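**Student:** quick one, structure for this:
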Amino acid sequence: MLAGVLAAGAAQAQGYSRAAEAVLSRAFAATGGQGWYMLRGWREAGRKDGRAYEAWIDPLRYGLRSEVREPGGLRIFGFNGQAVWGVGPDGEITAVKDHDALAKARTEAFFTANGYFFRGRFDGRGEHVGVRQHGGRSYDVLRVQPGGGEPRELWFDRRTHLLRRIVDRTGRRAEALQVSDYRKIGPVLIAFRIVPEGERGGEARDGLARERESIIFAPTERERFSLNRPEELARVAAAAKAAGASAP
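**Tutor:** This is a model prediction of the structure:
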């Protein structure tokens, strides 16, 4: 009881309303509860925009790395909480600290790691927008924004308390992602499909979109989230060579 009171106080201090906190607490319990605190990192693989990818996620503090297999080879993206970097299939390196790139990276890292469940680790704010109807179901809708990142609307099913929609209203038009195919992996429930709603094909604008195929929970060395030029260039060169060898 005392732990719950302290957690609620910490959340409100960061800008989470009582109503938002109540919705998140129900979602937390429905997807594993205290099991979430057992996670020290995870590695996932699947497809993003039809291309194979692997990603490493840090649920303890900001850290995200992804490797996407493109026709010409390997594209690597990394974010260590301070800087965003990337290496293209041609070996071109980008390393930036501009506001827009950092905001997008913080947004993807926060929501991919379900940072709203770890309000003592990730700064952010959230408010209860209201109860909405969609597809014959009733949802509690929250507007959650990580510190320094972009806001998203999170739609939680009022019956199951599972996250079912993510809506991005930061662009010229809103984009909704459908969240489904929950599976029990270790101590928690994870959604394996986060795909554009009502669309067939095309590239999703929101970096949160993905179709997971496997997840392994294991700590990741923090060095993996920072740019190591020789190592990353060697990986990209090897992938480009393999892609060339397999081309008809």
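**Student:** quick one: neighbours of R75, just the number.
**Tutor:** 19 (other C-beta atoms under 10 Å). (C-beta placed from N, C-alpha, C; glycine too.)
**Student:** once you drop chain neighbours, what's closest to it?
**Tutor:** Nearest residue to R75 in three dimensions, chain neighbours excluded: V68, at 4.7 Å (C-beta to C-beta, 6 or more residues apart in numbering).
**Student:** what about that neighbour, how many residues nearby?
**Tutor:** V68, neighbours per other C-beta under 10 Å, totals 18.
**Student:** and the next helix or strand past the helix or strand where it lies?
**Tutor:** Per DSSP states H and E: V68 is located in strand 64-70. For strand 64-70, the following helix or strand on the C-terminal side (DSSP H and E) is strand 73-79.
**Student:** need the contact partners of that next one.
**Tutor:** Taking contacts as C-beta atoms under 8 Å, 6 or more residues apart in numbering, the residues outside strand 73-79 that touch it are 62-68, 84-90, 105-106, 108-109, 224-227, 232, 235-236, 239-240, 242-243.
**Student:** ok, then the element right after that strand?
**Tutor:** By DSSP H and E, the next helix or strand past strand 73-79 is strand 84-87.
**Student:** what residues does the following helix or strand past that following strand touch?
**Tutor:** With elements assigned by DSSP H and E, the helix or strand that comes after strand 84-87 is strand 93-96. Applying C-beta under 8 Å, 6+ apart, the contact partners of strand 93-96 are A83, V84, W85, G86, V87, G88, L102, L227, R229, E232, L233.
**Student:** spatially central residue in the chain, please.
**Tutor:** With distances taken as C-alpha atoms, centre = their mean, the chain has T112 as the residue nearest its mean C-alpha position (1.5 Å).
**Student:** which residues does the closest residue to that one other than its chain neighbours bridge with?
**Tutor:** Nearest residue to T112, sequence neighbours excluded (C-beta to C-beta, 6+ apart): I57, at 5.5 Å. The partner list for I57 in beta bridges (DSSP bridges) reads W42, L64.
**Student:** and if you look at A176?
**Tutor:** Going by DSSP bridges, A176 forms beta bridges with V167.
**Student:** isn't it right next to V167, touching?
**Tutor:** Yes. Taking contacts as C-beta atoms under 8 Å, A176 lies within contact range of V167: 4.8 Å.
**Student:** tell me how far the longest helix along the chain lies from the chain's centre.
**Tutor:** Selection of the longest helix in the chain by residue count, based on DSSP state H, yields helix 229-246. From the chain centre to the centre of helix 229-246 is a distance of 27 Å (C-alpha atoms, centre = their mean, to the nearest Å).
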